[in-house]
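**Q** Here is a sequence together with a model predicted from it:
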Amino acid sequence: YNPHWVYVAEIVDSITLVIIGSDLNGTEEERQKLATIESKIKSDLMENYISYLLSTEKSYTMISYIDKLPGLVHFVLVDRTFNRVLAPRISALIGHQFKYRAHSSVYQISVIKQKVWDMFYQAQTFLSKGFFDMVMKCDHFQYSYKLWFEQEPTGQILPIRDRVSLEQKQPINPSFYMELQNRLFPQRHVDKRKIHCYELYGLYLGVLSFKVIQRHNENLISLLLRQSPE
């Protein structure tokens, strides 16, 4: 066991900076540098992403999508190019008029969280095998996963092969997606600096058909990426 020190700073509400050092205490010079880094991150975040953060807090609640996409339980949109995640808060999917006991809501939230984590595991397992689309059933739910690349600034979706051979033991991190992009688009005429990588994870009820899930995914992508939130 090697002792470490941890630097923790709240950047904005719900976003915390955590840095783990290898020394036991850390020097005063290191602490001053960390304070400078904290200030820099706060400044950049507030300058570049404040509108994104506000829209996430105000607009992306799961209840607001139920009428538009019936059968959708939860979703996570991942921007792999800029390492950003957009997802609604997990909550019990019931109306205000429904009378229920408190423990029923807690149980429902717990089930959804478990399914979301399992969905991530299953999707990344398929991704590590070279598959970029997945729909699978699990108990009363269905998992949906889609990875795609767009050409900026047109938003044109770039065609990719159905499957590529990948090293399955390779960790799925930013380097993985960069290597994947280079292998999928080796052409010289494609400006790789303008390629944008996205992932969409969708948790659906088990009664939905495959075609309905596909249509919901397309509509969800359009709602999240093609239209500015009010």
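**A** Received it, and whenever you're ready, just let me know what you need.

**Q** Geometric centre of the chain: which residue is closest?
**A** With distances taken as Cα atoms, centre = their mean, the chain has residue 78 as the residue nearest its mean C-alpha position (3.3 Å).

**Q** That one and residue 85 touch, don't they?
**A** Yes: between residue 78 and residue 85 there is a contact under Cβ atoms under 8 Å: 5.5 Å. (C-beta placed from N, C-alpha, C; glycine too.)

**Q** Residue 196 - how many residues pack around it?
**A** By other Cβ atoms under 10 Å, the residues close to residue 196 number 18.

**Q** if we look at the sheet, which residues does it bridge to?
**A** residue 150 (DSSP bridges).

**Q** ok, it - contacts?
**A** By Cβ atoms under 8 Å, 6 or more residues apart in numbering, residue 196 lies in contact with 79, 81, 149-152.

**Q** Tabulate these (JSON lines), appending neighbour count.
**A** Shown next, in JSON lines, are the contacts of residue 196 (neighbours: other Cβ atoms under 10 Å):
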{"residue": "79", "neighbour count": "15"}
{"residue": "81", "neighbour count": "18"}
{"residue": "149", "neighbour count": "23"}
{"residue": "150", "neighbour count": "17"}
{"residue": "151", "neighbour count": "15"}
{"residue": "152", "neighbour count": "12"}
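
**Q** quick one: which two of the residues you listed are the most distant?
**A** Greatest spatial distance among the contacts of residue 196 (Cβ to Cβ): 79 and 151, at 15.1 Å.

**Q** how about low-confidence regions in the protein?
**A** 1-5, 11-14, 21-26, 45-61, 93-103, 154-155, 161-169, 187-192, 227-230 (pLDDT under 70).
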